[in-house]
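1. Could you look at this predicted model? Sequence included:
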Amino acid sequence: MSRRLARELALKILYRYEEGDSDLPAVVESVLQSKRYEQNDRDFSQLLVERTVENLNLIDEKIVEVLENWQYDRISVVDKIILRIGACELFYFDDIPPQISINEAIEIGKKYGGGDSARFINGVLDAIRKNHEGSNNK
């Protein structure tokens, strides 16, 4: 398995969580146990989910900050989760280059999102990256 597949698993877990399956440990276990995945990939997926949920309010605030001419509540559930995962990586995974996180989110958006998802995800995450890098240099 690759990190992309681990990110896709995180998307599936967070989608179920967003849709009301609030027993996060059970959802993680259910998704990650459904097939034989390598342990390091399972660990990455689980860590990504945990960090995203732990920092959900801040991540959502950062997404809202960069939205232009768009209401947060109009973003599709899938795109919102992909943005959250990408932003989480930008903020809380220093070992992953920002461009890798953004490109991975774009590719997942192409696969799971709507027709304009990839472009939308790219724009939002790039703006978040610029704001984050700017705040780290002050």
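-> All right, it came through fine.
2. pLDDT weak spots in this structure?
-> 1, 137-138 (pLDDT under 70).
3. Point to the residue nearest the middle of it.
-> For the chain, residue 85 is the residue whose C-alpha lies nearest the centre (C-alpha atoms, centre = their mean; 1.2 Å).
4. Quick check: which element contains that residue?
-> helix 77-92 (DSSP states H and E).
5. next helix or strand past that helix?
-> On the C-terminal side of helix 77-92, the nearest following helix or strand under DSSP H and E is helix 98-112.
6. Now the element after that next one, going C-ward?
-> helix 117-136.
7. now the angle from that following helix to helix 77-92?
-> 30 degrees (axes from the mean of the first three to the mean of the last three C-alpha atoms, to 10 degrees).
8. Go ahead and confirm residue 118 touches residue 106.
-> Yes - applying C-beta atoms under 8 Å, one finds residue 118 in contact with residue 106, separated by 4.8 Å. (Glycine included, C-beta is placed from N, CA and C.)
9. ok, back up a step: how far is the helix holding residue 85 from where the chain is centred?
-> Taking C-alpha atoms, centre = their mean, to the nearest Å, one finds helix 77-92 lying 3 Å from the centre of the chain it belongs to.
10. Dump that helix to CSV, restricted to CA.
-> C-alpha atoms of helix 77-92 as CSV (Å, rounded to 0.1, in the frame of the first residue of the first chain):
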residue,chain,number,x,y,z
VAL,A,77,-18.6,16.7,2.3
VAL,A,78,-15.9,14.8,0.3
ASP,A,79,-14.1,18.0,-0.7
LYS,A,80,-14.3,19.3,2.8
ILE,A,81,-12.7,16.2,4.2
ILE,A,82,-10.0,16.2,1.5
LEU,A,83,-9.2,19.8,2.4
ARG,A,84,-9.1,18.9,6.1
ILE,A,85,-6.7,16.1,5.4
GLY,A,86,-4.5,18.3,3.3
ALA,A,87,-4.5,21.1,5.8
CYS,A,88,-3.7,18.7,8.6
GLU,A,89,-0.7,17.5,6.7
LEU,A,90,0.5,21.1,6.1
PHE,A,91,0.2,22.0,9.7
TYR,A,92,1.0,18.8,11.6
